[in-house]
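Trainee: here's my sequence, what's the structure:
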Amino acid sequence: MKIQVNSAALSDAVNWATQVIPPKTAAPILAGIKIQASEGQLQLSAFDYERSARLTIDASVDEEGTILVQGKLL
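Mentor: This is a model prediction of the structure:
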């Protein structure tokens, strides 16, 4: 995955998505944010057992891809 994105837009999107991540979870996948880059857009997704968040921002995508990153690292 190779992208270029506005840092302020990315920061706002990450802050918004991390609000859904539970502070402590038994399932490690719930602590992550899925980042998917495709067709000029960057999509961030997070969820727990009761709610979910998905946000799409414009990005320059040179190589498409998907990754799951621990939310607290972002």
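
Trainee: over to the spatially most central residue of the chain. Which of the three states is it?
Mentor: With distances taken as Cα atoms, centre = their mean, residue 44 lies nearest the centre of the chain, 2.9 Å away. Following DSSP: H, G, I helix; E, B strand; the rest coil, residue 44 is assigned to strand.

Trainee: list the contacts of residue 62.
Mentor: With contacts defined as Cβ atoms under 8 Å, 6 or more residues apart in numbering, residue 62 is in contact with 2-4. For glycine as for every other residue, the C-beta is placed from the backbone atoms N, C-alpha and C.

Trainee: surely the residue nearest to the centre of the chain meets residue 11?
Mentor: No. Residue 44 lies out of contact with residue 11 (Cβ atoms under 8 Å); the separation is 11.3 Å.

Trainee: among the contacts of residue 62, which ones are in strands?
Mentor: Of the positions in the contacts of residue 62, 2-4 sit in strands, assigned by DSSP state E.

Trainee: tell me the most packed of those, by neighbour count.
Mentor: With neighbours taken as other Cβ atoms under 10 Å, the top of the ones in strands among the contacts of residue 62 is residue 3, carrying 18 neighbours.

Trainee: and that residue, what does it touch?
Mentor: 37, 42, 59-63.

Trainee: hmm, try it at 10 Å
Mentor: Neighbour list for residue 3: 10, 35, 37-38, 40-42, 59-65 [criterion: Cβ atoms under 10 Å, 6 or more residues apart in numbering].

Trainee: which strand residues bridge it?
Mentor: Residue 3 forms beta bridges with residue 61, as assigned by DSSP bridges.

Trainee: which stretches of this structure form strands?
Mentor: 2-4, 32-38, 41-47, 52-58, 60-63, 65-70.

Trainee: give the PyMOL command for selecting the buried subset of the contacts of residue 3.
Mentor: The PyMOL command for the buried members of the contacts of residue 3 (criterion: 16 or more other Cβ atoms under 10 Å) is given here:
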select buried, resi 10+35+37+42+59+61
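
Trainee: now tabulate the contacts of residue 3 in a markdown table and tack on pLDDT and distance to residue 53.
Mentor: Output for those, formatted as a markdown table (pLDDT from 0 to 100; distance: Cβ to Cβ, whole Å):
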| residue | pLDDT | distance to residue 53 |
| --- | --- | --- |
| 10 | 93 | 15 |
| 35 | 95 | 13 |
| 37 | 96 | 18 |
| 38 | 94 | 19 |
| 40 | 93 | 21 |
| 41 | 96 | 16 |
| 42 | 96 | 14 |
| 59 | 95 | 18 |
| 60 | 95 | 23 |
| 61 | 95 | 21 |
| 62 | 94 | 26 |
| 63 | 94 | 25 |
| 64 | 96 | 22 |
| 65 | 96 | 20 |
